[in-house]
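Q: Structure of the sequence below:
(one chain, ligands or ions: 1)
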Amino acid sequence: MQEFKSVTESIAKASKTLFSFEILPPLKGQHFEHIQQGVEPLMAFDPAFVNVTYHQEEFEYKQLDNGLLQKKTVRKRPGTVGITAALLYRYHANVVPHIICGGFTKEETENALIDLHFLGVKNLLAVRGDAQASMKYFQAEPEGHAHAIDLVKQIAALNKGQYLDEELLNSTPTDFCIGVAGYPEKHMESPNLDSDLQHLKSKVDAGASYIVTQMFFDNSKYFDFVDRCRNADIHVPIIPGLKPISVLSHLQKLPQTFHIDLPEILVKEIKKCSDNKSVRQLGVEWAIAQAKELIQKKVPVIHFYTMGRSDNIQKIAEAVY
Ligand code: FAD
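A: Numbers count the residues shown, from 1 in each chain. Alright, predicted model coming up:
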C-alpha cells in the first residue's frame with residue numbers, strides 16, 4: 001500500500017508553495033463521473049493533498065395528503081469515505097477527508113476513523129460542522145462531540161492506540177495528521193477574535209498539527225491572523241484557503257454563509273460586470289493577485305475551494321504555479 005506523507009511533512013520538505021484543493025462529494029444520485037471532470041484537470045498541478053468535505057444529514061418536511069407534515073431525514077451528499085477511496089485508487093491522491101462532530105456519536109466517529117485508517121488515509125481535517133439548515137444552533141448528538149477540540153482529542157487518543165473500549169487489548173495506534181479550521185475574520189459564533197483564537201490554540205494543544213483558514217478576499221486579514229496566532233503561541237502551519245468569486249449572487253451569499261467581508265473595491269468591480277461570465281473572469285483575476293502575493297510571502301500551501309467546478313481554479317493554478 002502506498003504510504004502518503006502527512007500534510008506537515010509535505011510542507012517541511014517543500015521548496016515552494018504547494019497547491020491543494022477541496023471537493024464536495026457528488027449529490028445523491030450522481031456518480032463519481034460528475035466530479036471527475038472537475039478533479040482530473042486539477043490533478044495535473046500535482047496537488048500535495050485533496051480534501052473531501054463531509055455533509056451531515058438535514059431534516060426536510062413533506063406535506064402529506066391529510067395536511068400533516070412528515071419529517072424526513074435527507075443526506076444530500078453522502079459518500080465522503082467512498083470518494084476518498086475512489087480518489088486514492090484512481091489518482092493515488094493524498095486525500096484529506098473531513099470528519100465532523102455533527103451527526104456522529106463517538107462510536108460512529110471511531111468506526112469512521114477505523115475505515116479511513118484501513119484505506120491508508122494519513123491526513124484528516126477535524127471540524128465541528130454547522131447548524132443544520134432547520135436549526136438555529138449547532139446540536140451535537142447525545143453521545144457525540146460538541147466542539148472540534150473533542151474530535152481532535154478522540155483522534156489524538158486513537159493515535160496512541162486508545163480506543164473507546166478501554167478493555168481492548170493489543171490495539172493498533174493510528175497515525176493521522178490532524179488539521180483544524182481557523183477563521184481570519186473570526187468564527188460567526190465567537191464573541192470576539194481573542195476568544196476564537198484561544199479555542200484555536202486549544203485545538204492545536206490537543207493535537208492538531210496544521211490549520212486551514214476560512215476563505216478571505218483581502219490578504220491582510222490572513223497576514224494579521226497569522227501574526228495574532230504566532231503571538232498567541234500557535235506555531236503550526238496556517239494554510240490560506242482561497243475561493244474565486246464566480247457569480248454575482250456571491251456578493252450576498254458569501255458574507256451571509258461564511259461571515260466574511262468582501263473588500264469594497266472588489267464589490268465595486270463586480271457590480272460593473274455585465275454578466276456572470278465577466279464576474280467569473282474577475283473572480284479569477286482577483287484570486288490570481290491574492291495567490292501571487294501569498295506565494296511571494298512564502299505561505300506553505302494555497303488551498304482552493306472548488307465548490308464543485310474547477311475551470312476557474314485551473315486558470316489560477318496555470319497563472320501562479
Ligand atoms: P469549533 O472549533 O468547535 O468552533 C466553533 C465555535 O465554538 C467557535 O466560535 C469557537 O470559538 C467556539 N469554541 C470552540 N471550542 C469551544 C469550547 N471548548 N467551548 C466553547 N466554545 C468553543 N463544515 C462541514 O459541515 N463539513 C465540512 O467538511 C467542513 N469543512 C470545513 C473546512 C474548513 C477549512 C473550514 C474553515 C470550515 C469547514 N466547515 C465544514 C465549516 C465548519 O464546520 C463550521 O465553520 C463550524 O461552524 C465550526 O467548525 P469548527 O471546527 O471551527 O468548530
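Q: Kindly provide the distance from the residue of the chain positioned farthest from its centre to E110.
A: Distance from the C-alpha centroid of the chain, by C-alpha atoms, centre = their mean, peaks at N66 (42.4 Å). Counting by C-beta to C-beta, to the nearest Å, the separation of N66 from E110 is 42 Å. Where you see a C-beta, it was placed from the backbone N, CA and C, and this is true even at glycine.
Q: How about V279?
A: Distance from V279 to E110, by C-beta to C-beta: 44 Å.
Q: Could you pull out the strands in the stretch 201-321 of the chain for me?
A: Secondary structure of the stretch 201-321 of the chain by DSSP state E, counting those that start in this stretch: the strands cover 210-215, 238-242, 301-305.
Q: Which of the ones you listed sits closest to D115?
A: strand 210-215 (22.3 Å; C-beta to C-beta).
Q: Which positions in the stretch 1-150 of the chain make contact with the ligand?
A: Neighbours of the ligand within the stretch 1-150 of the chain, by C-beta under 6 Å from any ligand atom: T53, Y54, H98, I100, L125, V127, R128, G129, D130, H147, A148, I149.
Q: mind checking which helix or strand the fifth one is in?
A: Read it as L125. strand 123-127 (DSSP states H and E).
Q: nearest residue to G79 other than its sequence neighbours?
A: Nearest residue to G79, sequence neighbours excluded (C-beta to C-beta, 6 or more residues apart in numbering): P25, at 4.3 Å.
Q: Now do the SS call for that neighbour.
A: Here P25 is coil, with the state taken from DSSP: H, G, I helix; E, B strand; the rest coil.
Q: who's in contact with it?
A: By C-beta atoms under 8 Å, 6 or more residues apart in numbering, the contact list for P25 reads I35, V52, T53, H55, R77, P78, G79, T80, G82, I83.
Q: That one and K76, how far apart?
A: For P25 relative to K76 (C-beta to C-beta), the value is 9 Å.
Q: And for K271?
A: Applying C-beta to C-beta, the value for K271 to K76 is 32 Å.
Q: Run through the stretch 1-150 of the chain and note the low-pLDDT ranges.
A: 1 (pLDDT under 70).
Q: any idea of the pLDDT on the closest residue to A208 other than its chain neighbours?
A: Closest residue in space to A208, ignoring its immediate chain neighbours: V180 at 4.2 Å, by C-beta to C-beta, 6+ apart. Note on V180: pLDDT of 99.
Q: ok, back up a step: direction included, what does the strand holding L125 pair against?
A: Sheet pairing of strand 123-127 (DSSP bridges) gives strand 95-100 (parallel), strand 177-182 (parallel).
Q: can you put those strands in JSON lines and add distance to L18 and mean neighbour count?
A: Below are the strands paired with strand 123-127 laid out as JSON lines (distance: least, C-beta to C-beta, whole Å; neighbours: other C-beta atoms under 10 Å):
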{"stretch": "strand 95-100", "distance to L18": "13", "mean neighbour count": "24"}
{"stretch": "strand 177-182", "distance to L18": "14", "mean neighbour count": "25"}
